[in-house]
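A.B. asks: this one's structure only:
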């Protein structure tokens, strides 16, 4: 683990961003298109040069840094961040510990990647494939991630496909977070350092 928490905060912001975008879209039907595309594209970065390359750039993670700052700041409860992340981290652990599920999911994502080359990154066919991949991966687990929102949004299949695709992107980011030594205990012990680093990245974005 790097002393400056760079990789930890970048990947953690990726997790938070996927969740935040999904929840906001479910409630409002509105999406930050740049952040959405960055989160979806992260699913296809299987051989990145470094951690940041998974998401493209610091600017692409702006909503993630903002939400992470809010959840880890001095006015937040020490458990706010863990409660927010728990369902996704639970699903990530289950998927990572099952070679059968992990391999099947990887194949599905590879198929979606080929669709991107033929259609586009956020084409409905790609979203439907990623959505189905998410549902297949979690179908045997006790936790089903239920996101409340506006029924006018949630009854539209194209919208629920986007939401599930974002949840899949959050799981992917969680896998990356574990790979760079992320842990729940770390969120409790080093919350202030994580908050400080996320603030640092937000300032960098504003100065671009």
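C.D. replies: Perfect, I can see it now. As the structure is a computational prediction, the values presented were derived from the model and not from experiment.

A.B. asks: residues contacting the nearest residue to residue 116 once chain neighbours are set aside?
C.D. replies: Excluding the flanking residues, the one nearest residue 116 by CB to CB, 6 or more residues apart in numbering is residue 126, at 5.7 Å. Where you see a C-beta, it was placed from the backbone N, CA and C, and this is true even at glycine. Counting by CB atoms under 8 Å, 6 or more residues apart in numbering, residue 126 touches 40, 112, 115, 116, 119, 120.

A.B. asks: give me that answer again for 10 Å
C.D. replies: Residue 126 sits next to 40, 43-44, 111-116, 118-120, 161, 165 when contact means CB atoms under 10 Å, 6 or more residues apart in numbering.

A.B. asks: state the helix or strand in which it lies.
C.D. replies: Residue 126 belongs to helix 124-138 when assigned by DSSP states H and E.

A.B. asks: and the contacts of the following helix or strand past that helix?
C.D. replies: Using DSSP H and E, the helix or strand that follows helix 124-138 towards the C-terminus is helix 151-154. Helix 151-154 is contacted by residues 25, 26, 27, 28, 29, 30, 147, 148, 159, 160, 162, 163 when judged by CB under 10 Å, 6+ apart.

A.B. asks: measure residue 207 to residue 20 for me?
C.D. replies: Residue 207 sits 23 Å away from residue 20, going by CB to CB, to the nearest Å.

A.B. asks: please say which of these two ends up with more neighbours.
C.D. replies: For residue 207 versus residue 20, neighbours defined as other CB atoms under 10 Å are more numerous around residue 20 (24 against 6).

A.B. asks: for this structure, what spans make up the strands?
C.D. replies: Counting by DSSP state E, one finds no strands in the chain.

A.B. asks: and residue 36, what does it touch?
C.D. replies: 17-18, 21-22, 25, 60, 63, 121-122, 162, 165-166, 169.

A.B. asks: buried subset of the contacts of residue 126 as a PyMOL selection?
C.D. replies: Per 16 or more other CB atoms under 10 Å, the buried members of the contacts of residue 126 correspond to this PyMOL selection:
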select buried, resi 40+43+44+112+113+115+116+161+165
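
A.B. asks: cool, thanks, talk later.
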